[in-house]
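Colleague: need coordinates for the following:
(one chain, ligands or ions: 1)
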Amino acid sequence: MAGFAMCAACRRKHDDPADRRFHAQPIACPDCGPTLELVAPGLRETGDHAVRRAQSLLADEQIAAVKGLGGYHVACDARDVSAVSELRRPKRRGEKPFAVMARDLDVARELVSITDIETMLLTDVRKPVVLLPRLDGSVAAAVAPGNPDLGVMLPYTPLHALLLGAPGDPGPDLLVMTSGNLAGEPIVTDDDEALSRLGDIADAFLRHDRPIQVSCDDSVTRVVAGIELPVRRSRGYAPLPVALPFDVAPVLAAGADLKNTVAVASGRFAWLSQHVGDLDDLATQDALTVSEQHLEELTGVRPGVIVADAHPGYRSTPGPDSTPTDASSAACSTITCTSPRSWASTGSVSTSRSSGSPREMLDPAAVDGRGTLTMHAAVGASLAAGVRLPALRCTVLAVER
Ligand SMILES: [Zn+2]
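Modeller: Purely as a prediction, here's the structure:
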């Protein structure tokens, strides 16, 4: 909110110890706070008019790009067959399912069956997309073709609440809300970039003038056997720390090639980044670097060990210049890496390798003579993958003495 100078009225409230907004940093009002805007060819509306126009466009089979918390969504009426089919074409999403945002729990219950614990997740402050068994005929078939589940979330920003309105308001009460990107690219956060990259998809742009600092997709979760099983830890979940059962040295795990996340760990905690995406796009590879640097900045962890999958085709694996050459060596090069981009210029690298089940490798008692490197690599790779893999083969790429 640094870019929005307080008006005199807000300043009085901010400075008055008797006022409930005393020292409330995000204080703002319609005079001095962010403003809404809807832009389309030959059209510009602001404030309430922007929201009402967006509602009427969406009701008229149009597609709108909507600026959210961690990036743009692309939205259309989820009950409108032709609008959803139209959205699927430029998104190049094939048969991959879209998530939907329902006005409230009552609307969601018309679409899917929801248990008590799933209700808690839907209404949780993190507001994830929850995968739920769908009911027949609830949404356009093109939303999630052939899929027995539907990803549902509830409004989580004031703009979403305004757009979906209250019962009786005009406009759709159920929207497809899919990440504002083309297949393989990172989610769009910048307003100008949105116009150029989403211009072929969206008929209109509903946006505000508050910049997005960190891109972050929606989190996806589900309940299995009564327990939450996150499918994609992102907005609201990352980078909250994950507790570890034993100490680790400062380590960076570069993650996989598809559905990448990066992780750092130190002591008894690990921090996973938000969902980065598939690394077959240059912009996504840049997003990986930004996420990794942001994670180090937030946590203060300065990794002395970097681990990555040994697969030679992975873009998260270092280039040929730093390919490990001595698999049997227990010696370690002195090396300092601050970013995956610097791997190619780090020079001589030694390595230790191991394989086995994650459980064996995560057990400190199972660590062999080359010791902690093996363990760190296993921990890092597991963390970066976000799941425990059935079998794990990883390589310590660099160690700082
Ligand atoms: Zn004000």
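Colleague: for the stretch 101-250 of the chain, just list every one of the helices.
Modeller: For the stretch 101-250 of the chain, applying DSSP state H, counting those that start in this stretch gives helices covering 105-111, 116-123, 158-164, 191-197.
Colleague: show me what from this structure comes close to the ion.
Modeller: When proximity is defined as Cβ under 5 Å from the ion, the chain approaches the ion at 7, 10, 29, 31-32. (Each C-beta comes from the backbone N, C-alpha and C, glycine too.)
Colleague: among these, which one has the most neighbours?
Modeller: In terms of neighbours by other Cβ atoms under 10 Å, those top out with Cys10 at 19 neighbours.
Colleague: that residue: what's it in contact with?
Modeller: Applying Cβ atoms under 8 Å, 6 or more residues apart in numbering to Cys10 gives the contacts 21, 27-29, 31-32.
Colleague: and the residues you listed as a markdown table, adding secondary structure, distance to Asp309 and pLDDT?
Modeller: As requested, the contacts of Cys10 are exported to a markdown table (DSSP: H, G, I helix; E, B strand; the rest coil; distance: Cβ to Cβ, whole Å; pLDDT from 0 to 100):
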| residue | secondary structure | distance to Asp309 | pLDDT |
| --- | --- | --- | --- |
| Arg21 | coil | 50 | 94 |
| Ile27 | coil | 47 | 92 |
| Ala28 | coil | 45 | 93 |
| Cys29 | coil | 51 | 93 |
| Asp31 | coil | 53 | 93 |
| Cys32 | coil | 49 | 95 |
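Colleague: dump those residues into TSV; add distance to Asp281 as well.
Modeller: Output for these, formatted as TSV (distance: Cβ to Cβ, whole Å):
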residue	distance to Asp281
Arg21	43
Ile27	39
Ala28	36
Cys29	41
Asp31	42
Cys32	39
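Colleague: wait, which of those is closest to Gly94?
Modeller: Minimum distance to Gly94 across the contacts of Cys10 is 41.8 Å, recorded for Ala28 (Cβ to Cβ).
Colleague: from what I see, the closest one and Met6 are in contact.
Modeller: Yes - between Ala28 and Met6 there is a contact at 7.5 Å, judged by Cβ atoms under 8 Å.
Colleague: can you tell me which of the helices of the stretch 101-250 of the chain is packed in deepest?
Modeller: Neighbour counts (mean count of other Cβ atoms under 10 Å) averaged over each of the helices of the stretch 101-250 of the chain peak at helix 158-164, with a mean of 20.
Colleague: list the helices and strands that helix packs on?
Modeller: When contacts are defined as 3 or more Cβ pairs under 8 Å, 6 or more residues apart in numbering; DSSP states H and E, helix 158-164 sits against helix 47-59, strand 64-67, strand 100-102, strand 204-208.
Colleague: tell me which of the ones you listed sits most buried.
Modeller: strand 100-102 (a mean of 28).
Colleague: what's the most distant pair in the residues of the chain next to the ion?
Modeller: Checked with Cβ to Cβ, those reach their widest spread between Cys10 and Asp31, with 7.9 Å between them.
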